[in-house]
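Trainee: whatever this is, show me its structure:
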Amino acid sequence: YEISACLVGSEMCIRDRVSTQSTGSMFLRSSVLLLILYVVIQAQRLPRPSELYYSQVTLQLNLTDGQQPLVGLGVWAQSPNEAKSLTNYRYNILKQNSFHLLRYDMEKEFSIVGDGPCNTRAIFPPMNGTWDWLHKAIYIGQNTFEKWTLNYWMYTDTNRTIMLGVNPNEPDIPVHYFLQTPAKNISVGFLNWQQNIPNQTFMIPNNCQNVRKRI
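Mentor: You can find the predicted model right below:
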């Protein structure tokens with residue numbers, strides 16, 4: 001009877017161990033499936049970048065008339081609450097800047113190219129957001145930009161194609177922006193995206209303080 005009980009007990013122990021292993025295996029498979037599902041959902045979740053931002057950028061400008069591409073560094077910045085926006089580049093080959101400041105609070109745009117004069121023109125609110133187009137964009141898959149594999153979203157209308165590439169793990173932080181129009185292609189890489197805008201980012205240059213308005 002004792003031998004019989006021992007054997008029965010051993011059998012129960014074996015059954016318990018097999019049952020525990022099966023449960024653990026099922027839990028592991030379920031966890032892997034949930035992780036894969038989460039990655040797929042994240043990969044196709046529409047990015048929601050902030051419209052308040054400041055970032056140093058790399059830039060490549062290709063004109064469709066066959067001129068040599070222009071490559072440079074610069075800054076993109078925007079503050080919707082202040083109704084201000086800035087793009088400021090310095091091209092490596094030309095050794096010159098391209099400065100564009102939108103001040104909707106003053107209803108003016110200020111622009112300077114190279115050593116040229118400051119030009120202004122009237123602009124009127126509301127200010128368009130950089131990412132207004134994203135709610136109409138479609139997910140087009142992954143591609144490589146520099147050292148990153150990014151998820152890309154694209155929007156096309158009659159005059160332009162826009163794409164945004166984001167890291168799958170940080171879908172709300174832009175990494176690569178691409179704009180194609182009949183006249184040019186612009187590729188912008190964001191280097192240090194942040195929502196803290198340095199003081200004096202939207203200051204009007206001295207040579208723009210007293211210029212005649214160009215409508």
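Trainee: residues touching the most centrally placed residue in the chain, list them.
Mentor: What sits nearest the mean C-alpha location of the chain, by Cα atoms, centre = their mean, is P174, with 1.5 Å. Going by Cβ atoms under 8 Å, 6 or more residues apart in numbering, P174 touches 47, 49, 55, 164-166, 190, 193. (Glycine included, C-beta is placed from N, CA and C.)
Trainee: give the bridge partners for it, please.
Mentor: In this entry, P174 is beta-bridged to V166, by DSSP bridges.
Trainee: what stretches of this protein score poorly on pLDDT?
Mentor: Within the chain, the ranges that satisfy pLDDT under 70 run 1-43, 211-215.
Trainee: let's see 50
Mentor: Within the chain, the stretches with pLDDT under 50 are 2-3, 6, 36-39, 41-42, 213-215.
Trainee: which stretches of it form strands?
Mentor: With DSSP state E as the criterion, the chain has strands at 53-63, 70-79, 84-91, 96-103, 108-113, 119-122, 138-145, 148-156, 161-167, 170-180, 184-190.
Trainee: nearest to G129, of those strands?
Mentor: For G129, the closest of these is strand 70-79, at 7.8 Å, according to Cβ to Cβ.
Trainee: relative to strand 96-103, how tilted is that closest one?
Mentor: 20 degrees (axes from the mean of the first three to the mean of the last three Cα atoms, to 10 degrees).
Trainee: strand partners (parallel or antiparallel) of strand 70-79?
Mentor: Strand 70-79 has the following strand partners under DSSP bridges: strand 53-63 (antiparallel), strand 84-91 (antiparallel).
Trainee: which residues touch W193?
Mentor: 53, 55, 173-174 are the contacts of W193 under Cβ under 8 Å, 6+ apart.
Trainee: ok, what's across the strand from the residue lying closest to T87 once chain neighbours are set aside?
Mentor: Leaving aside its chain neighbours, T87 sits nearest to H100 (4.9 Å; criterion: Cβ to Cβ, 6 or more residues apart in numbering). In this entry, H100 is beta-bridged to T87, S111, by DSSP bridges.
Trainee: for N143, see how far away H100 is.
Mentor: 28 Å (Cβ to Cβ, to the nearest Å).
Trainee: list the buried residues of stretch 108-125.
Mentor: In terms of neighbour count (16 or more other Cβ atoms under 10 Å), stretch 108-125 has its buried residues at 108-112, 118, 120.
Trainee: closest to L134 out of these?
Mentor: Checking those one by one against L134 (Cβ to Cβ), the nearest turns out to be E109, at 23.9 Å.
Trainee: I'd like the distance between the closest one and L73.
Mentor: Counting by Cβ to Cβ, the gap from E109 to L73 is 22 Å.
Trainee: from Y155, how far out is V166?
Mentor: In terms of Cβ to Cβ, V166 sits 14 Å off from Y155.
Trainee: between the two, which one's more packed in?
Mentor: Using other Cβ atoms under 10 Å as the criterion, V166 and Y155 rank with V166 on top: 23 against 16.
Trainee: the more buried one against W148, yeah?
Mentor: No - contact criterion Cβ atoms under 8 Å: V166 and W148 do not qualify, at 9.5 Å.
Trainee: give me the common contacts of those two.
Mentor: Both V166 and W148 are in contact with V175, where contact means Cβ under 8 Å, 6+ apart.
Trainee: what's the neighbour count on the nearest residue to D65 once chain neighbours are set aside?
Mentor: Nearest residue to D65 in three dimensions, chain neighbours excluded: A183, at 7.9 Å (Cβ to Cβ, 6+ apart). For A183, the number of neighbouring residues by other Cβ under 10 Å comes to 9.
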